[in-house]
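Trainee: Structure here, sequence nowhere to be found:
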């Protein structure tokens, strides 16, 4: 069988104006692709004015957060007194309460002693002790003598005097009142006697202490009182001073 020969198709070609446009588009797209920067490349981004003054974030530090942290007061206390330990056989809370009570009592005792010593010192400073010949003013009373605090037995006819227990005890050395430095010391009592109309004075020896007398009050025998004042008055104001100043 004979083969049939076919005529070749005529070669198609684009119009000249269309060919030119296609080539130009291809060149333009190729150029844009080459000029387009990659995604990761830096770009010039326009910022607003308020973004320019925004503070930058702090630089990243690899130091752990707990490296610069200081221990708190509770953590320091737990280091000194660990909560899991027992103190004197008790838990920490009970031990701390007992410790606080002891400290408060100790502080109160110290304050009490300080106040007592200071007040006692001030009172001693104001007592009429025989450190000078200063004249003191107080009440004069009388009593019936006997065995005095100095260990001396006295009678009504003796020119003796009992000084205030405040003064007597302030000068006491040791526990034996018979060895008190004020025993047998002399004082001079002076007063204007209204009945006699004249000034009277008498020297007396300390042999006893008067429990009911104030610091400048003195107590003497009845005859001595009668020589200085009216017996019926029983209590009068008088002045007196130490004659022996060597305490």
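Mentor: It's in. Quantities reported herein were computed from a predicted structural model and do not represent experimental measurements.

Trainee: quick one: residue 183 and residue 207, what's the gap?
Mentor: 7 Å (Cβ to Cβ, to the nearest Å). C-beta coordinates here come from the backbone N, C-alpha and C atoms, glycine included.

Trainee: So what are the structural domains in this protein, by residue number?
Mentor: 70-126, 136-242 (automatic domain parsing).

Trainee: Which among those domains is found nearest to residue 31?
Mentor: Residue 31 lies closest to domain 70-126 among these, at 64.1 Å (Cβ to Cβ).

Trainee: what about this protein, any weak spots by pLDDT?
Mentor: Applying pLDDT under 70 to the chain flags residues 1-26, 29-30, 32-68, 118-125, 246-247.

Trainee: So which residues of it form helices?
Mentor: 16-35, 49-52, 73-80, 92-126, 165-170, 222-228 (DSSP state H).

Trainee: packing partners for the fourth one?
Mentor: In this structure, helix 92-126 makes packing contacts with helix 165-170, judged by 3 or more Cβ pairs under 8 Å, 6 or more residues apart in numbering; DSSP states H and E.

Trainee: Go through the helix it packs on and flag the buried ones.
Mentor: Neighbour-count burial for helix 165-170 flags 165-168, 170 (criterion: 16 or more other Cβ atoms under 10 Å).

Trainee: go on, stretch 143-154?
Mentor: Buried, per 16+ other Cβ under 10 Å, within stretch 143-154: 145, 148-150, 152, 154.

Trainee: just these now: which is nearest residue 106?
Mentor: Checking the buried residues of stretch 143-154 one by one against residue 106 (Cβ to Cβ), the nearest turns out to be residue 149, at 37.5 Å.

Trainee: Identify the residues contacting the closest one.
Mentor: For residue 149, the contacting residues are 162, 168, 177-178, 180, 183, 207-209, by Cβ atoms under 8 Å, 6 or more residues apart in numbering.

Trainee: Sheet-wise, list the partners of the lengthiest strand in the chain with their directions.
Mentor: Counting by DSSP state E, the longest strand found in the chain is strand 198-210. Using DSSP bridges, strand 198-210 pairs in its sheet with strand 160-164 (parallel), strand 186-193 (antiparallel).

Trainee: residues of that strand that come out buried?
Mentor: Here strand 198-210 shows 202, 204-210 as buried, counting by 16+ other Cβ under 10 Å.

Trainee: Provide the contact partners of it at residue level.
Mentor: If you take Cβ under 8 Å, 6+ apart as the criterion, strand 198-210 is touched by 143, 145, 148-150, 152, 154, 158-165, 168-169, 177, 182-193, 217-220, 224, 227-228, 243.

Trainee: and with 6 Å instead?
Mentor: Residues outside strand 198-210 that contact it (Cβ atoms under 6 Å, 6 or more residues apart in numbering): 148-150, 152, 154, 159-165, 168, 182, 184-193, 219, 224, 228.
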